[in-house]
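Enquirer: Everything below, folded, please.
(chains A and B)
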Amino acid sequence: MGDSTISVKDKARAEAYAMPLDKINVAQPALFQSGTMWPYFERLRNEDPVHYCAENEFGPYWSITKFDDIMAVDTNHEVFSSEASLGGIGIAGEAGAEDPLRMFIAMDRPRHDVQRKTVSPIVSPANLQTMEPIIRGWAGEILDGLPIGEEFDWVDRVSIELTTSMLATLFDFPFEERRRLTRWSDVVTAIPGHGIVDTLEQKMEEIRECFECFNGLWNERVNAPPKGDLISMLAHGEATRHMEPREYHGNVILLIVGGNDTTRNTITGSVVALNENPDQYQKLRDNPELITSMVSETIRWQTPLAYMRRTALKDIEFQGKQIKKGDKVVMWYVSGNRDETAIDNPDAYIIDRANPRKHISFGFGIHRCVGNRLAELQLTIIWEEILKRFPEIKVVEEPKRTYSSFVKGYENLKVIIPSRY
Amino acid sequence: MAKITYIEHSGKIHEIEVENGLSVMEGAVNNLVPGLDADCGGACACATCHCYVEPEWRAKTGEIGDMEETMLDFAEARQEGSRLSCQIKVSDELDGLVVKLPEAQF
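Expert: Numbers count the residues shown, from 1 in each chain, chains lettered A, B, ... in the order given. A predicted model of the protein is given here:
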């Protein structure tokens, strides 16, 4: 495993530096699946930090690759739009394309603001306090059910189980059916023909089932007194109760993906990172009080969403480049988090680094991740409970990475837990 | 130089001498006052350096800027006197400033 990994990395580096600069297309999902995108981003940061890729399968796009530039774009809401009708937040989106979904992550002000504020109380500090013991209960149950001395898939048994239990509770979704949420989350971001769904038709059919199910939940909640779950909040909220179906569906998808993939992949990423850096794992075992900073460091290191895309609302000169009205502008969080001009020794995983909260994984500005504190809470709790139980979680083979340049994650992670305390 | 008093949500008081030109946020973070995260490092791009300026100091701490207003709009527990501490620049004028910190940064 070791040697071949090194040669793959060397080969990727050689290719990245041999390629004409204007031919670099960092958005290819295959680069992320093989983990070979790093040298391309490194080269762009050094040689052409605001880079134009003219020819590719997604249509021409700009790549913003440095930390401070990403923050500048992310906070310039007047020029850089998230609006779905202009193409939204994914690299493939085109202006004017028929978009069945409307979600507040893909809206500009003021509509974004009122919808976001409708759901944000679910992750208020007071609510997080209520959730803490509940999450700890699941974490304990999940970990106590794991086999000892026997190989299993960490993604399935732990990462998915914890995040899906959380999500089911947030929606007050039937708990026994919670894996449907996992499935829908995977399906929505899946590229047909690459494992999760075979065809676009299958994908649309499964998404339709999701919407039918959530229509049922809406009807149930709208006819009942308001309560604290997300569906009830939307069904009764001033700004959301008259939403059209595609807006309700869009926001459901947003909450399913936002509350699921990201935390799931970061939980898995923590095990990967600590295995690749045994000295850091030892430091964590010796100093469990480092869990908080380890969690932030892992969120940086993993960057569970690799990018967000914006559309320029007008011509603008940015770092010497002429960005034109209508251009796609991709903010590569994954690259900003490895920008050595913003973060010391960024390729290293250091659980007690000086300023671990300085990362760009949550984005900045009005679209900054609304669930960031809940994500941190879940990661913190699972590690507090892991350290109480197991001296080691051992990765036994290279994880299978997701075929996506958006969701930066893992399909599986084979591990073995040799013993428990 | 200005003496700034930071009061944690628990009531714990930190009196710090802060150099002119730094922000109220930097005065806290550089001196390890807990209760401010300042994730974006002072770019007015998150809202994790939220504080409450005491009434008698509100005129002296200046106007809330557009971007600050935008970010404060999404902050948890916004009140009269809410500011992002990275947007308040320290000067002799602010000698004696008192700011309270919220229960949580969000």
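Enquirer: Flag every residue of chain B that's near chain A.
Expert: B:37-41, B:43-46, B:48, B:67, B:70-71, B:73-74, B:76-77, B:103-104, B:106 (CB under 8 Å from any CB of the partner chain). All C-beta atoms are positioned from the backbone trio N, CA, C, and that covers glycine.
Enquirer: Need the phi and psi values for A:Lys394.
Expert: phi -100, psi 120 (degrees, to the nearest 10).
Enquirer: Which pLDDT value belongs to it?
Expert: Note for A:Lys394: predicted pLDDT of 98.
Enquirer: likewise the one 3 residues further on?
Expert: With respect to pLDDT, A:Glu397 has a value of 95.
Enquirer: related to what we said a few turns ago, the residues of chain B next to chain A, buried ones only, as a PyMOL selection?
Expert: With 16 or more other CB atoms under 10 Å in any protein chain shown as the criterion, this PyMOL line picks the buried residues out of the residues of chain B next to chain A:
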select buried, chain B and resi 37+38+39+40+41+43+44+45+46+48+67+70+71+74+76+104+106
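Enquirer: Please report the distance of the closest residue to A:Gly149 other than its chain neighbours from chain B.
Expert: Once flanking residues are discounted, A:Gly149 sits nearest to A:Pro418: 6.2 Å by CB to CB, 6 or more residues apart in numbering or on different chains. The gap separating A:Pro418 from chain B is 37 Å, by CB to the nearest CB, to the nearest Å.
Enquirer: so which helix or strand takes in A:Pro418?
Expert: Following DSSP states H and E, there is no helix or strand that holds A:Pro418.
Enquirer: can you pull the contacts of the residue most central in space within chain B?
Expert: Closest residue to the average C-alpha location of chain B: B:Ser85 at 2.7 Å, with CA atoms, centre = their mean. Counting by CB atoms under 8 Å, 6 or more residues apart in numbering or on different chains, B:Ser85 touches B:23-25, B:28, B:36, B:38, B:49-51, B:99.
Enquirer: Mind checking which of those are in helices?
Expert: Secondary structure assignment by DSSP state H places B:24-25, B:28 of the contacts of B:Ser85 in helices.
Enquirer: Go through those and say which is closest to chain A.
Expert: Nearest to chain A, judged by CB to the nearest CB, of the ones in helices among the contacts of B:Ser85 is B:Met25 at 13.0 Å.
Enquirer: okay, that closest one: pLDDT?
Expert: 97.
Enquirer: go on, A:Ile6?
Expert: On pLDDT, A:Ile6 comes in at 69.
Enquirer: same deal with the one 3 residues further on?
Expert: Reading off the per-residue confidence, A:Lys9 sits at a pLDDT of 86.
Enquirer: That one contacts A:Thr36, correct?
Expert: Yes: the criterion here is CB atoms under 8 Å, and A:Lys9 meets it with A:Thr36 at 7.3 Å.
Enquirer: Looking at the two, which has the bigger crowd around it?
Expert: The residue with more neighbours, out of A:Lys9 and A:Thr36, is A:Thr36; 18 against 15, by other CB atoms under 10 Å in any protein chain shown.
Enquirer: How about that one, nearest residue that isn't a chain neighbour?
Expert: A:Ala12 (3.6 Å).
Enquirer: which is the next helix or strand following the one helix or strand the one you found maps to?
Expert: Assigned by DSSP H and E, A:Ala12 belongs to helix A:2-18. Using DSSP H and E, the helix or strand that follows helix A:2-18 in sequence is helix A:29-34.
Enquirer: I'd like to check the angle between whichever helix or strand comes after that following helix and helix A:2-18, please.
Expert: Downstream of helix A:29-34, the first helix or strand assigned by DSSP H and E is helix A:38-47. Here helix A:38-47 runs at an angle of 40 degrees relative to helix A:2-18 (axes from the mean of the first three to the mean of the last three CA atoms, to 10 degrees).
Enquirer: which helices and strands does the helix or strand just after helix A:38-47 pack with?
Expert: For helix A:38-47, the following helix or strand on the C-terminal side (DSSP H and E) is strand A:50-53. When contacts are defined as 3 or more CB pairs under 8 Å, 6 or more residues apart in numbering or on different chains; DSSP states H and E, strand A:50-53 packs onto strand A:61-64, strand A:321-323.
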